[in-house]
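Peer 1: Pasted the sequence and its predicted model underneath.
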Number of protein chains: 2
Amino acid sequence: MSLPLYDTVCFIGIGHIGSSLARAIRVHKLANRLVAVESSPAARETALELGVVDEIFADPALAVPQADLVVVSTPVGAIEAVGRAIAPHLKKGATVTDVGSVKMAVVRDLGPSIPDGVHFIPGHPIAGTEHSGPASGLADLFKGRWQILTPLPGTDQQALDSLTALWSAVGSNVELMEPQHHDRVLAITSHLPHLIAYTIVGTATDLETTLQQEVIKFSASGFRDFTRIAASDPVMWRDIFLNNREAVLEVIQRFTEDLTQLQRAIRWGEGEALEQKFATTRAVRRAIIDAKQA
Amino acid sequence: MSLPLYDTVCFIGIGHIGSSLARAIRVHKLANRLVAVESSPAARETALELGVVDEIFADPALAVPQADLVVVSTPVGAIEAVGRAIAPHLKKGATVTDVGSVKMAVVRDLGPSIPDGVHFIPGHPIAGTEHSGPASGLADLFKGRWQILTPLPGTDQQALDSLTALWSAVGSNVELMEPQHHDRVLAITSHLPHLIAYTIVGTATDLETTLQQEVIKFSASGFRDFTRIAASDPVMWRDIFLNNREAVLEVIQRFTEDLTQLQRAIRWGEGEALEQKFATTRAVRRAIIDAKQA
């Protein structure tokens, strides 16, 4: 496909993911012009100072009408309001996508606002660090990572091809999936691990002060790996859990049953059951290494 | 202190930690001679081939009598039997230490076997990878890591100084602690995180095959961090949970209460409670970064 893929790309929200994609688009010359709509004055200032986009506005009416691609990169909880705010200004033939970590809720909340003649292709980059804000963006964040797109039935093939080309150009491997299936897979690979990490770090913060300081001091023994995950953006994660409620509650239930089983084995000194369980999980690590995802 | 610190060091068990320490002792010239007792013929062969130690035996009677320092580096569950096997052969004035991840059980199981005139100083290096066996040893494994020693009341100061000097020489920061306190701190920083990681990876392995393959494919979204921990040695971890039962059950209980609270907040859509919890845990990550443990 010939470059640039889009004339103007507009980001709604210019945080960690939005600013990373803006940087990547610039590096790979995938658009002529980058604009953004951002409600936080501090984030607007930072994004402009760092040259992440060419122009930035508080009002969608000033940025959206020119855009051939609109990337909604706000927390998922804000997406319904974003849809209503951008809908009247969307250019005919433009594509609207998002980067939310849940997809059914995005289809539900953003879909109805998209007018006829505008292409709506929800997406989710499996990428990101525990950092937030426009200054934390990285041009190579998506390199070698998965980009899941969840196009709805009847999606325009050309619009899908262009969006796929964009994500491929920034280094991602693009995978198509049903929104419902996406939410179920991510509930186990991402949402449950984050919830568990938040929980265990929270459990530690409730300890008395001396013990808490020692937990920090000796965190390298396992705990540390959880704290990185539990440092992720609180608003983004609040919205993910509220918007993938059923799938998340289902995996919490499975997890709790499994934990209770191990707890019982520890209480009753069932060494064989423990050893057998721990040997099984080792195989999963090997599979991840074999799949080159380690 | 003048080098070498010990004439002969004997390892009982030459797995990941034992072989790492042996390599480190050799690199830093802390002993004249390294020997080991190892029950697995395969591990004996590997350790000899790689030159991890000078001589290796199946029978403690052939290795222990010469040793000035005996490092018990078997899984904790084997330590009581090790104590009985080495006790008759220990040289007067020698020091016995261990590298087990629990300390109360080691004091309980190994302590009674140590004859008068032999110094017993339990220890625990907060170091290690998810790999096992003598081939996985790394000479710089202990560099910049904590070494906890839990000397009992009345421990010989010179013996303690020599052992402290050894761990310092291989790069560790040595910290003294009561065995009971060690077990409580490690239950939260290490044992609970490992149990949780084993559980969540186990939950994923119980999924139907297609979904499981996708979990592996998209593991970078959080799950992957848990699989590394859950790939740790099954026998070692079985023994840790069985030998720090009370402290582990206590922290599982706290963790489960906290998880239930978050689960309830998700079910009832309590966004504020979730956001507030997630914001708190971010501070712990910052504290770990400030403590240079990240």
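Peer 2: It's in.

Peer 1: Let me see the domain layout of chain A.
Peer 2: Annotated domains of chain A cover A:6-177, A:181-290 [automatic domain parsing].

Peer 1: average model confidence for the shortest one?
Peer 2: Computed over domain A:181-290, the mean pLDDT rounds to 92.

Peer 1: Please apply the same query to the longest one.
Peer 2: Summarised as a single mean, pLDDT over domain A:6-177 is 97.

Peer 1: how about the nearest residue to residue A:132 once chain neighbours are set aside, what does it touch?
Peer 2: Among residues not flanking residue A:132 along the chain, residue A:233 sits closest, at 4.5 Å (Cβ to Cβ, 6 or more residues apart in numbering or on different chains). (Glycine included, C-beta is placed from N, CA and C.) By Cβ atoms under 8 Å, 6 or more residues apart in numbering or on different chains, the residues touching residue A:233 are A:15-16, A:75, A:132.

Peer 1: Would you point out the most distant pair within those?
Peer 2: The span of the contacts of residue A:233, defined through Cβ to Cβ, is set by A:16 and A:75 at 11.1 Å.

Peer 1: all helices of the stretch 151-294 of chain A, in order?
Peer 2: For the stretch 151-294 of chain A, the helices defined by DSSP state H, counting those that start in this stretch occupy A:157-169, A:179-186, A:192-205, A:209-217, A:223-229, A:234-243, A:245-267, A:271-290.

Peer 1: Tabulate these in CSV, adding columns for distance to residue B:219 and mean neighbour count.
Peer 2: Listed next are the helices of the stretch 151-294 of chain A as CSV, based on distance: least, Cβ to Cβ, whole Å; neighbours: other Cβ atoms under 10 Å in any protein chain shown:
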stretch, distance to residue B:219, mean neighbour count
helix A:157-169, 19, 18
helix A:179-186, 10, 22
helix A:192-205, 9, 25
helix A:209-217, 27, 16
helix A:223-229, 13, 23
helix A:234-243, 17, 23
helix A:245-267, 15, 18
helix A:271-290, 5, 18
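
Peer 1: okay, those in JSON lines with distance to chain B next?
Peer 2: Below are the helices of the stretch 151-294 of chain A laid out as JSON lines (distance: least, Cβ to the nearest Cβ, whole Å):
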{"stretch": "helix A:157-169", "distance to chain B": "15"}
{"stretch": "helix A:179-186", "distance to chain B": "5"}
{"stretch": "helix A:192-205", "distance to chain B": "4"}
{"stretch": "helix A:209-217", "distance to chain B": "5"}
{"stretch": "helix A:223-229", "distance to chain B": "4"}
{"stretch": "helix A:234-243", "distance to chain B": "4"}
{"stretch": "helix A:245-267", "distance to chain B": "5"}
{"stretch": "helix A:271-290", "distance to chain B": "4"}
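
Peer 1: Can you add distance to residue A:34 and give the ones you listed back as JSON lines?
Peer 2: Listed next are those as JSON lines, based on distance: least, Cβ to Cβ, whole Å:
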{"stretch": "helix A:157-169", "distance to residue A:34": "12"}
{"stretch": "helix A:179-186", "distance to residue A:34": "27"}
{"stretch": "helix A:192-205", "distance to residue A:34": "30"}
{"stretch": "helix A:209-217", "distance to residue A:34": "40"}
{"stretch": "helix A:223-229", "distance to residue A:34": "30"}
{"stretch": "helix A:234-243", "distance to residue A:34": "22"}
{"stretch": "helix A:245-267", "distance to residue A:34": "34"}
{"stretch": "helix A:271-290", "distance to residue A:34": "35"}
